[in-house]
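# Need a 3D model of the following:
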Amino acid sequence: MIKIRLALIGACAIVLLATAPVRAEVKTQTVNYKIGNADFEGYLAYDTGKQGKRPGVVIFPAWTGISDNEREHARRLAQLGYVAFVADTYGKGVHPTPPKEAGAEAGKYMKNRDLYREHARAGLEQLLKVPVVDTHRIAAIGYCFGGAGALELARSGANIKAVVVFHADLTSPTPQDDGNIKGRVLALQGADDPIVPVAEREKFAQEMRDAHVDWQLVLYGGAMHCFTDAGAGSDTSHGCAYNAEAEKRSWQAMHDFFHDTL
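The predicted structure is shown next:
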């Protein structure tokens with residue numbers, strides 16, 4: 001009888017081990033690459049405990065360049081089973097301080113969208129080189145200035161299935177290029193964002209309609225610019241502040257969107 005009980009206990013232990021969820025083992029690393037003769041340094045995150053190929057997400061940072069915010073979100077995406085790569089828009093070691101330096105650096109790309117597209121595509125190419133990435137299931141996301149980069153990548157005709165932008169600059173000097181967008185678009189914006197006002201959101205919506213893009217625009221009440229960045233603080237006087245509830249809701253919206261799209 002004792003032997004039978006021990007055998008049953010052993011069998012149950014084996015079943016529990018076999019059915020227990022595999023713990024995420026997120027690996028992160030910097031990735032050096034070049035655009036022309038210039039050096040760039042991206043940030044890669046993926047789960048080494050997951051088997052097989054999985055969707056990839058290229059992330060475009062805000063106007064100060066790659067920061068802890070983008071790195072943290074890349075790790076969170078890796079925990080969800082994606083391969084995440086934070087693209088380096090400006091170049092290795094370039095981290096301008098806001099608002100003057102960051103505004104000037106970001107302005108170079110906002111005034112020259114072809115340059116922005118070139119750097120965005122280079123970031124995408126680095127993601128596609130990762131062996132475990134399913135190159136047929138690719139998404140692009142971006143924050144603030146980086147949201148414009150994700151949209152420009154899509155407007156360039158890149159083969160990506162989903163674009164998600166958070167409190168993004170939605171302007172486009174060439175709205176006719178919206179017709180090149182191949183995937184679905186989700187814009188997650190603060191309803192009280194003075195930097196991306198109502199008129200800009202409405203113009204973006206009309207441009208998406210005119211181009212027959214599969215798009216969504218979600219507004220979060222009480223949220224301003226930078227609402228996903230905990231480092232932005234709570235001072236709303238300059239229009240840029242963290243909003244924990246909006247950050248949580250927008251992350252879930254992205255997760256659901258990826259589940260449906262990828």
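# make it CA atoms for all contacts and neighbour counts henceforth
OK.
# Strands along the stretch 51-200 of the chain, start to end?
Secondary structure of the stretch 51-200 of the chain (DSSP state E, counting those that start in this stretch): strands at 54-60, 83-86, 133-143, 162-166, 184-190.
# Mean neighbour count, those: which tops it?
Stretch with highest mean neighbour count among the strands of the stretch 51-200 of the chain: strand 83-86 (a mean of 30; mean count of other CA atoms under 10 Å).
# pLDDT on that one, on average?
What strand 83-86 shows for mean pLDDT is 98.
# what sits up against stretch 45-57?
Outside of stretch 45-57, the residues within contact range by CA atoms under 8 Å, 6 or more residues apart in numbering are 22-29, 74-75, 77-79, 81-85, 127-128, 131-141, 262.
# Actually, stretch 115-129.
Under the contact criterion CA under 8 Å, 6+ apart, stretch 115-129 has outside partners 33, 35, 42, 56-58, 60, 83-89, 109-110, 133, 135, 149-150, 152-153, 156, 158.
# Quick one: residues contacting Ala241.
Ala241 touches Ala223, Met224, His225, Cys226, Phe227, Asp229, Ala232, Gly233, Ser234, Asp235, counting by CA under 8 Å, 6+ apart.
# again, only this time at 10 Å
Ala241 makes contact with 193, 223-235 under the criterion CA atoms under 10 Å, 6 or more residues apart in numbering.
# For PyMOL, write a command that selects the buried ones of these.
Selecting in PyMOL just the buried members of the contacts of Ala241, where the criterion is 16 or more other CA atoms under 10 Å, is done with this command:
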select buried, resi 193+223+224+225+226+227+228+229+232
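# Dump the contacts of Ala241 to a markdown table, plus distance to Ala246 and secondary structure.
Conversion of the contacts of Ala241 to a markdown table gives the following (distance: CA to CA, whole Å; DSSP: H, G, I helix; E, B strand; the rest coil):
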| residue | distance to Ala246 | secondary structure |
| --- | --- | --- |
| Asp193 | 12 | coil |
| Ala223 | 6 | coil |
| Met224 | 9 | coil |
| His225 | 11 | strand |
| Cys226 | 10 | coil |
| Phe227 | 7 | coil |
| Thr228 | 7 | coil |
| Asp229 | 11 | coil |
| Ala230 | 11 | helix |
| Gly231 | 15 | helix |
| Ala232 | 14 | helix |
| Gly233 | 14 | coil |
| Ser234 | 13 | coil |
| Asp235 | 16 | coil |
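# ok, so of the contacts of Ala241, who is nearest Tyr242?
For the contacts of Ala241, the minimum distance to Tyr242 (CA to CA) is 4.1 Å, reached by Phe227.
# hang on, isn't the closest one packed against Gly221?
No. Proximity of Phe227 to Gly221 does not meet the contact threshold set by CA atoms under 10 Å, at 11.1 Å.
# between the two, what contacts are shared?
Common neighbours of Phe227 and Gly221 (criterion: CA under 10 Å, 6+ apart): Gln189, Gly190, Asp193, Glu245, Ala246.
# among these, which two are most distant?
Taking CA to CA as the measure, the shared contacts of Phe227 and Gly221 span a maximum distance of 15.2 Å, between Asp193 and Glu245.
# How about the contacts made by the residue nearest to Trp215 when sequence neighbours are not counted?
Nearest residue to Trp215, sequence neighbours excluded (CA to CA, 6 or more residues apart in numbering): Val185, at 4.6 Å. Listed by CA under 10 Å, 6+ apart, the contact set of Val185 reads 139-141, 150-151, 154, 161-165, 208, 213-217, 257.
# cool, Gly190 as well?
For Gly190, the contacting residues are 166-168, 196-197, 218-227, 243, 246, taking CA under 10 Å, 6+ apart as the criterion.
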